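K.L.:
Starting from these lines, generate the structure:
(2 chains)
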Amino acid sequence: MQHNIEKLIKGCLKGDQKAQMHLYDTYCIAMFKIACRYLQVEEDAKDAMQEGFIKAFANIANYKNDFSFGAWLKRIIINQCIDVLKKKKIEFASIDSESLQMIDDDDWTVDLSISKIQIISEIEQLDEKYKMVLKLYLLEGYDHEEISQILKIPIKTSRTHLRRGRLQLKELLKSSHYEAGY
Amino acid sequence: MKQDIKEVLNGFEETNKELPAAHRTEFLEKLQGAEKPMSKPKIFNYVFKIAAIIVLFVSVGYLALDSFNKPDLIIVVTPIERQLKDIEIQYLKHIDTEWQNFVALATDKNLIKRYEQKLNDLDVGYQEVIVKFKQDKNNILIVEALVENLKNRLQLLKDIQDHINLLNQKTKSYETIIL
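P.N.:
Numbers count the residues shown, from 1 in each chain, chains lettered A, B, ... in the order given. Alright, predicted model coming up:
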């Protein structure tokens, strides 16, 4: 598989369209699903995914073997989605940055009866800026350094947003799903 | 019982999302559309870049010439700069008249030379401080130093003229005593 991908990447470097389509076929569904996390309208998500692929092919010479091709592509797709969101004038950096950092308990536990789907749908209800950080952290598994690069916000802001987002999310889950004795 | 959101969402994948059927052909079109203009824009890009460079040079040249011809317009940016410029002009005018008076009055060429040198030294010092002023326009010490420099030049000329006058008067008449 990996060997095959490398071969396809080499093909893309030469501008071989068959290789490009082959890579597209391999990754498009996974990338489309990722794009759907950020762009609610599936049509927008599809466009962003395809634009991302075109950008990736145009910059394929910059791809280095440090990451897997999928991770590299994912980053491009996410950036593309963020560009689309930015065009809609969504601000990711908040002005009210905290000077005093509270002691972070980093408690992500919720009641067992809450389903995955519920969590995802409640994340969608969060403020846009928290939502982005939470998604990048929880769903994509990026760390604060990577999040700060993707959203072009300071690491500190990323931390603050994650903490506030987590607290908001837990609040939402609590109210939508009454937890006894909490 | 509790569960950790981080673990729940780890490796989460949407199941209900599906690409529209025509996405592949659509992408192929986009891909071909993206590739074709690739070769043309290169030439276009060059033309564009060259045009941009020419525009840049012309505008920089124009600005440079403009500032050369009308330094006041460019320099006058902040009120403090404008004020300092006014002070400088006033002083230099006075210094110039005093200098003319001094040259007319003085007979000793060496003396004139020495004072010319002194004024030049002061001017060199002034230019050095002006550079500092341009970096830090709100420093009152620098502004004071500049004005002090101009004042010194003027005072220097006045003093020497007083001195010459004194000497002249002394040689002319012994009856008048000037303190």
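
K.L.:
make it CA atoms for all contacts and neighbour counts henceforth
P.N.:
Noted.

K.L.:
Buried residues in stretch A:12-20, which are they?
P.N.:
A:12-13, A:17, A:19-20 (16 or more other Cα atoms under 10 Å in any protein chain shown).

K.L.:
Can you give me the domain boundaries for the chain?
P.N.:
No chain in the question, so chain A it is. With domains defined by automatic domain parsing, chain A comprises A:2-87, A:94-182.

K.L.:
that's the wrong chain, I wanted chain B
P.N.:
Taken from automatic domain parsing, chain B resolves into B:22-69, B:72-170.

K.L.:
does the residue of chain A found nearest chain B have beta-bridge partners, and which?
P.N.:
With Cα to the nearest Cα as the measure, A:Thr109 is the residue of chain A nearest to chain B, at 4.1 Å. A:Thr109 forms beta bridges with B:Asp4, as assigned by DSSP bridges.

K.L.:
Can you report how many residues neighbour it?
P.N.:
Neighbours of A:Thr109 under the rule other Cα atoms under 10 Å in any protein chain shown: 15.

K.L.:
right, and the secondary structure at the residue nearest the centre of chain A would be what?
P.N.:
Nearest to the mean C-alpha position of chain A, by Cα atoms, centre = their mean, lies A:Leu136 at 3.9 Å. Of the three states, A:Leu136 takes helix under DSSP: H, G, I helix; E, B strand; the rest coil.

K.L.:
sorry, back to before: among the buried residues of stretch A:12-20, which ones are in strands?
P.N.:
Counting by DSSP state E, the buried residues of stretch A:12-20 place none of their members in strands.

K.L.:
May I see the residues you listed organised as a markdown table, with distance to chain B and pLDDT added?
P.N.:
Formatted as a markdown table, the buried residues of stretch A:12-20 follow (distance: Cα to the nearest Cα, whole Å; pLDDT from 0 to 100):
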| residue | distance to chain B | pLDDT |
| --- | --- | --- |
| A:Cys12 | 12 | 88 |
| A:Leu13 | 13 | 87 |
| A:Gln17 | 8 | 87 |
| A:Ala19 | 12 | 90 |
| A:Gln20 | 9 | 91 |
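
K.L.:
which one of those residues sits closest to B:Gly33?
P.N.:
A:Gln17 (12.1 Å; Cα to Cα).

K.L.:
State the distance from that closest one to B:Gln32.
P.N.:
Applying Cα to Cα, to the nearest Å, the value for A:Gln17 to B:Gln32 is 9 Å.

K.L.:
Chain B: strands as residue ranges?
P.N.:
Under DSSP E, chain B gives strands at B:2-4.

K.L.:
In it, what residue comes closest to chain A?
P.N.:
Closest point on chain B to chain A, by Cα to the nearest Cα, is B:Asp4, at 4.1 Å.

K.L.:
Flag every residue of chain B that's near chain A.
P.N.:
B:1-6, B:8-14, B:17-19, B:23, B:27-28, B:30-31, B:34 (Cα under 8 Å from any Cα of the partner chain).

K.L.:
switch the cut-off to 7 Å
P.N.:
B:1-6, B:8-10, B:12, B:14, B:17, B:27, B:31 (Cα under 7 Å from any Cα of the partner chain).

K.L.:
Would you write a PyMOL line that selects the buried entries of these?
P.N.:
Selection of the buried residues among the residues of chain B next to chain A in PyMOL, burial being defined by 16+ other Cα under 10 Å:
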select buried, chain B and resi 5+8+9+27+31
